[in-house]
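[1] Starting from these lines, generate the structure:
(chains A and B)
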Amino acid sequence: MTLELFLMILVVLMLISALIALETTNLLSSIISLGALGLLLCIAFLFLGALEIAITQIVVEVLLLIILIRATFHRDFQVQENHREKLGGILALVLIMLLGVFVSQLFIEFPAFGHSVMERFPDSPSAAYLADGLEKTGAPNIISAVLLDFRAFDALAQIAILFCAVIGALAILRRQPHKRTREQDRESDAA
Amino acid sequence: MPGMSMIVKTVARWLKGPILLLGIYFTVYGHLEHSGGFAGGVIIACAFILVFLAEGKTAENRLLSKNVAAGLSSVSALALLGLAAAGWFWGRGFFNNFLPTPAEDHFRLISSGLIMFYNLCISLMVATTLFVVFVILSAVKVVLPPGAHRDHALEDPEEA
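    Residues are numbered from 1 along each chain as shown, chains lettered A, B, ... in the order given. Sure thing, here's the model as predicted:
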């Protein structure tokens, strides 16, 4: 019960920092409140005992924060005043409530707090991973064993995404543009 | 981009070693403890970015040049693919962990077959990629010619 209370406090604080990040007019304070949001999420993961996710969360959040501050700090920044129409607001509210009705039906299917899906399905793959993971892969860290042995294509996709990031970043900062003119295109077609 | 003050530079000089060591530890012990190649790689990238931010633009070429980092990232991606494809030749298929994992080696550093090498590849890839992306994001800035509308003209400040 105390854990749930802690988590609720953390979620409320997260919501507050997310709202500040959205609503503030200062870019730097917006980024910093995003960082506070990430830190609170990391603390929530620590309370839940998900140490690996907490480490990744804090590390990525810190780096993302530095990158965001460095990349956007000197940009000029204009605040746009948006006057939302009344009809649009009501429509959005109705849509959100409709969505909430459907999503709440989904929540009924969830296992109760503190109980894993494995309890309901004892022959699920995750139970097998936990039981035989060390035996089959030799890695005591089951998360590593799952990510890099049982489900290694996840790592492959991750590497592919990072490779695309490198290619895109290098394409932004190349010395000479590779845009071809129409004359060049015509010449290559004729040749 | 000029560097920061002497205090920041000194602290960065002291901290870069321990941060690098933490990243390498996370990478190498990824199969034994709560860590992994991704987290370790991000921490290593953080060490490089710290030095880059503290010392300014001059540190880029001395420390880890952009092109070298891009090359390392490609090499590590190819190494991971090669390790995965080696499963075709010596194992049962793609991404097969074909090295033996005997029970007496459990909880030792050299154990669990290829997982450690996958972790090393992923760590190198993540570190170099994030460094390249960071260098490029900090080098590119929006340059507006006078009288122009808000048109996102990307320009390399070294050429300008």
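[2] Would you confirm that B:V28 contacts B:M116?
    Yes: using Cβ atoms under 8 Å, B:V28 is in contact with B:M116, at 7.0 Å. Any C-beta I mention is one placed from the backbone N, CA and C, and that applies to glycine too.
[3] Quick one: low-confidence residue ranges for chain B.
    Chain B contains residues with pLDDT under 70 at B:1-2, B:59-61, B:140-160.
[4] List the buried residues in the top helix by length along chain A.
    Secondary structure of chain A per DSSP state H: the longest helix is helix A:86-109. Buried residues in helix A:86-109, counted by 16 or more other Cβ atoms under 10 Å in any protein chain shown: none are found.
[5] Identify all contacting residues around that helix.
    Under the criterion Cβ atoms under 8 Å, 6 or more residues apart in numbering or on different chains, not a single residue lies in contact with helix A:86-109.
[6] Among B:V28 and B:M116, which residue is more densely surrounded?
    Neighbour count, other Cβ atoms under 10 Å in any protein chain shown: between B:V28 and B:M116, B:M116 has more, with 24 against 18.
[7] Chain neighbours aside, what residue packs nearest to that one?
    B:H31 (5.6 Å; Cβ to Cβ, 6 or more residues apart in numbering or on different chains).
[8] how close does the spatially most central residue of chain B get to chain A?
    The residue lying closest to the centre of chain B (Cα atoms, centre = their mean) is B:A127, at 0.6 Å. To chain A, B:A127 is 10 Å away according to Cβ to the nearest Cβ, to the nearest Å.
[9] elements contacting the strand or helix carrying that residue?
    Per DSSP states H and E: B:A127 is located in helix B:115-139. Using 3 or more Cβ pairs under 8 Å, 6 or more residues apart in numbering or on different chains; DSSP states H and E as the contact test, the elements touching helix B:115-139 are helix A:51-72, helix A:142-145, helix A:153-172, helix B:6-28, helix B:37-55, helix B:66-90.
[10] can I get those helices in a markdown table with distance to B:A103?
    Output for those, formatted as a markdown table (distance: least, Cβ to Cβ, whole Å):
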| stretch | distance to B:A103 |
| --- | --- |
| helix A:51-72 | 24 |
| helix A:142-145 | 15 |
| helix A:153-172 | 25 |
| helix B:6-28 | 22 |
| helix B:37-55 | 25 |
| helix B:66-90 | 21 |
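[11] Buried deepest among the ones you listed, which one?
    Comparing the helices and strands packed on helix B:115-139 by mean neighbour count (mean count of other Cβ atoms under 10 Å in any protein chain shown), helix B:37-55 ranks first with a mean of 24.
[12] who touches the residue nearest to the centre of chain B in this structure?
    Counted by Cβ under 8 Å, 6+ apart, B:A127 has contacts B:G23, B:G41, B:V42, B:I44, B:A45, B:F48.
[13] Now do the same for A:E4: its pLDDT.
    For A:E4, the model assigns a pLDDT of 87.
[14] Now for chain A, the helix or strand with the poorest mean pLDDT.
    When the helices and strands of chain A are scored by mean pLDDT, DSSP states H and E, helix A:182-190 comes last with a mean of 69.
[15] Find the closest residue to chain B in chain A.
    Closest to chain B within chain A is A:G138: 3.1 Å, counting by Cβ to the nearest Cβ.
[16] Name the nearest residue to the residue of chain B found nearest chain A, ignoring sequence neighbours.
    At 3.1 Å from chain A, B:T101 is the closest residue in chain B, using Cβ to the nearest Cβ. Residue nearest to B:T101 in three dimensions, not counting chain neighbours: A:G138, with 3.1 Å by Cβ to Cβ, 6+ apart.
[17] Could you report the neighbour count for that neighbour?
    Under the criterion other Cβ under 10 Å, the count of neighbours that A:G138 has is 25.
[18] That one is in contact with B:D105, isn't it?
    Yes: using Cβ under 8 Å, A:G138 makes contact with B:D105 at a distance of 6.4 Å.
[19] Return every residue with contacts to both of the two.
    With Cβ under 8 Å, 6+ apart, A:G138 and B:D105 have common neighbours B:S111.
[20] mind listing what the residue most central in space within chain A touches?
    Taking Cα atoms, centre = their mean, the centroid of chain A lies closest to A:Q57, which sits 9.0 Å from it. Shown in contact with A:Q57 (Cβ under 8 Å, 6+ apart): A:G38, A:L41, A:C42, A:F45.
[21] among these, which are in helices?
    Going by DSSP H, the helices hold A:G38, A:L41, A:C42, A:F45 from the contacts of A:Q57.
[22] could I get the residues you listed as TSV with pLDDT?
    Shown next, in TSV, are the ones in helices among the contacts of A:Q57 (pLDDT from 0 to 100):
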residue	pLDDT
A:G38	91
A:L41	93
A:C42	93
A:F45	92
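[23] B:P100 - that's part of a helix, no?
    No: B:P100 is assigned coil when assessed by DSSP: H, G, I helix; E, B strand; the rest coil, not a helix.
[24] check contacts around it.
    Shown in contact with B:P100 (Cβ under 8 Å, 6+ apart): B:G113.
[25] just A:L68 next, same as before
    So A:L68 contacts A:I31, A:L34 (Cβ under 8 Å, 6+ apart).
[26] Just the pLDDT at it, thanks.
    On pLDDT, A:L68 comes in at 75.
[27] pLDDT wise, what is A:G88 at?
    For A:G88, the predicted pLDDT is 86.
[28] ok, now A:G100?
    Looking at A:G100, its pLDDT is 93.
[29] One more: A:K136?
    pLDDT at A:K136 comes out at 83.
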